[in-house]
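**Q** quick one, structure for this:
(chains A and B)
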Number of protein chains: 2
Amino acid sequence: MDTATTTKLGKGERTRRRIVERAAPVFNQRGFAGASMNELVAATGLEKGGIYNHFGSKEALAIEALDYSVSLLVDRFTRALESPEHAADRLAALIDAFADLEGHPDVPGGCPVANTALESDDTNPELCTHARTAMDSWHRLIGSIVKTGEQRGELRADTDPYALATVITATLEGALMLSRLMQKPAHMHRAAAHLKAHVDSLRAGA
Amino acid sequence: MDTATTTKLGKGERTRRRIVERAAPVFNQRGFAGASMNELVAATGLEKGGIYNHFGSKEALAIEALDYSVSLLVDRFTRALESPEHAADRLAALIDAFADLEGHPDVPGGCPVANTALESDDTNPELCTHARTAMDSWHRLIGSIVKTGEQRGELRADTDPYALATVITATLEGALMLSRLMQKPAHMHRAAAHLKAHVDSLRAGA
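**A** Okay, the predicted model is just below:
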């Protein structure tokens, strides 16, 4: 958030934003069920009553924390797409930007969308809906890059945008989980290299 | 467990086994932190004191439930490898057996190893160690199939066993997460098709 925006926010808004920013890593590292109110109090520096004043429930805070974490991902991917123009280069830039989450996360604790998905798919429908919306936007972003690349003759005309979006997403998400579980960044590096080679093989005339 | 084994177990052992079998889906669907003692009581049909008599703590029960869920995965992959002999066919059989977890899980709630990994990597070191051991066995299984395939001249000699194990694992785990989050089995089907095409491209002379 830039300074101009900050100064326009009232005190209540600034407090609310600070709570969300500080709660996000707690939820991302410990999960919705695992994040205790004591940990949220310690992280935000507010009393329990203060947190409830602003959000009403732990679930409402978790949803805003997820949306905030997702907004940082969106910023990351937007920056990655600033320079490259060829569809294959744009896909490679997204792959690198995601791979960089291993080692340089915006919010510690792995991918907030996958974490929420795996924890909440059986338990917490509203959190899950927000995770699904975020995943859907990412999928549509990849799909639109592929379609534009086909129209411009940059990618092979038989490239399936849906299949490629699935393969890129599944491989990156799985590799982030694997790197963290095994404490070996090599998993992410190998997965990113595989995906970039695959994308390269889809260049028209490659 | 076959009947012969069952009859050899004492009553305490049978009760213990029944608790583990019934607790496994609760932990897999709700997570370690999310599984309440009330839900475990309801699922196992024992009182809280009865559960503690057998396991001492919720964490000890969660660890046995994870090991049990992993043993069902090991059975699944062992069956898949009974017939195929060529390394590429053996890898394809493992990919299909994993892909079949979407739709026909042994324990409802997704992959128990990934679920544990994402929940416990920041919070619960002992559970995480058991997940890591399971993942390590799976990786070594794929690695040994690739190495044998290279020695027999079935796979291209420049196939990297580690890279292939990472790509197969990451893609399948990510696709299972994605299929469940988006409630679209197509994600798993696309991921499995991509991986089998990739494995086919590694056949010697392909």
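**Q** so what secondary structure elements neighbour the longest helix seen in chain A?
**A** Using DSSP state H to define each element, chain A has its longest helix at helix A:125-151. Judged by 3 or more C-beta pairs under 8 Å, 6 or more residues apart in numbering or on different chains; DSSP states H and E, the packing partners of helix A:125-151 are helix A:58-80, helix A:87-99, helix A:112-120, helix A:161-182, helix B:161-182. For every residue, glycine as well, the C-beta is placed using N, CA and C.
**Q** tabulate those helices in JSON lines, adding columns for mean pLDDT, mean neighbour count and distance to residue B:62.
**A** Below are the helices and strands packed on helix A:125-151 laid out as JSON lines (pLDDT from 0 to 100; neighbours: other C-beta atoms under 10 Å in any protein chain shown; distance: least, C-beta to C-beta, whole Å):
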{"stretch": "helix A:58-80", "mean pLDDT": "96", "mean neighbour count": "18", "distance to residue B:62": "22"}
{"stretch": "helix A:87-99", "mean pLDDT": "98", "mean neighbour count": "21", "distance to residue B:62": "31"}
{"stretch": "helix A:112-120", "mean pLDDT": "86", "mean neighbour count": "27", "distance to residue B:62": "15"}
{"stretch": "helix A:161-182", "mean pLDDT": "96", "mean neighbour count": "25", "distance to residue B:62": "16"}
{"stretch": "helix B:161-182", "mean pLDDT": "96", "mean neighbour count": "25", "distance to residue B:62": "20"}
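**Q** what's the angle between the longest helix of chain A and helix A:161-182?
**A** 130 degrees (axes from the mean of the first three to the mean of the last three C-alpha atoms, to 10 degrees).
**Q** any buried residues in helix A:125-151, and which?
**A** Buried positions in helix A:125-151, judged by neighbour count with 16 or more other C-beta atoms under 10 Å in any protein chain shown: A:127-128, A:130-132, A:134-135, A:138-139, A:141-142, A:145-146, A:149-150.
**Q** quick one: mean pLDDT for it?
**A** Here helix A:125-151 scores 95 as its mean pLDDT.
**Q** by how many degrees do that helix and helix A:87-99 diverge?
**A** Using the same axes, to 10 degrees: helix A:125-151 against helix A:87-99 is 150 degrees.
**Q** just how off-centre is helix A:125-151 within its chain?
**A** Distance of helix A:125-151 from the chain centroid (C-alpha atoms, centre = their mean, to the nearest Å) equals 11 Å.
**Q** next: stretch A:75-88.
**A** 15 Å.
**Q** what's the distance between stretch A:95-108 and the middle of its chain?
**A** On C-alpha atoms, centre = their mean, the centre of stretch A:95-108 falls 9 Å from that of its chain.
**Q** for it, measure first residue to last.
**A** End-to-end span of stretch A:95-108 (C-alpha to C-alpha, to the nearest Å): 19 Å.
**Q** one more: stretch A:148-163?
**A** 16 Å.
**Q** residue A:101 touches residue A:176, doesn't it?
**A** Yes: judged on C-beta atoms under 8 Å, residue A:101 makes contact with residue A:176 at a distance of 6.1 Å.
**Q** spatially nearest residue to residue A:74, not counting backbone neighbours?
**A** Distance criterion C-beta to C-beta, 6 or more residues apart in numbering or on different chains; nearest residue to residue A:74, sequence neighbours excluded, is residue A:137 at 7.6 Å.
**Q** what's the closest non-adjacent residue to residue A:188?
**A** residue A:102 (4.0 Å).
**Q** name the SS class of that neighbour, please.
**A** coil (DSSP: H, G, I helix; E, B strand; the rest coil).
**Q** does it touch residue A:176 like I think?
**A** Yes: counting by C-beta under 8 Å, residue A:102 touches residue A:176, with 5.7 Å between them.
**Q** joint contacts of those two?
**A** residue A:188 (C-beta atoms under 8 Å, 6 or more residues apart in numbering or on different chains).
**Q** who touches both of residue A:101 and residue A:176?
**A** With C-beta under 8 Å, 6+ apart, residue A:101 and residue A:176 have common neighbours A:110, A:111.
**Q** can you redo the helices and strands packed on helix A:125-151 as a markdown table with distance to residue A:189?
**A** Listed next are those as a markdown table, based on distance: least, C-beta to C-beta, whole Å:
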| stretch | distance to residue A:189 |
| --- | --- |
| helix A:58-80 | 17 |
| helix A:87-99 | 7 |
| helix A:112-120 | 19 |
| helix A:161-182 | 9 |
| helix B:161-182 | 9 |
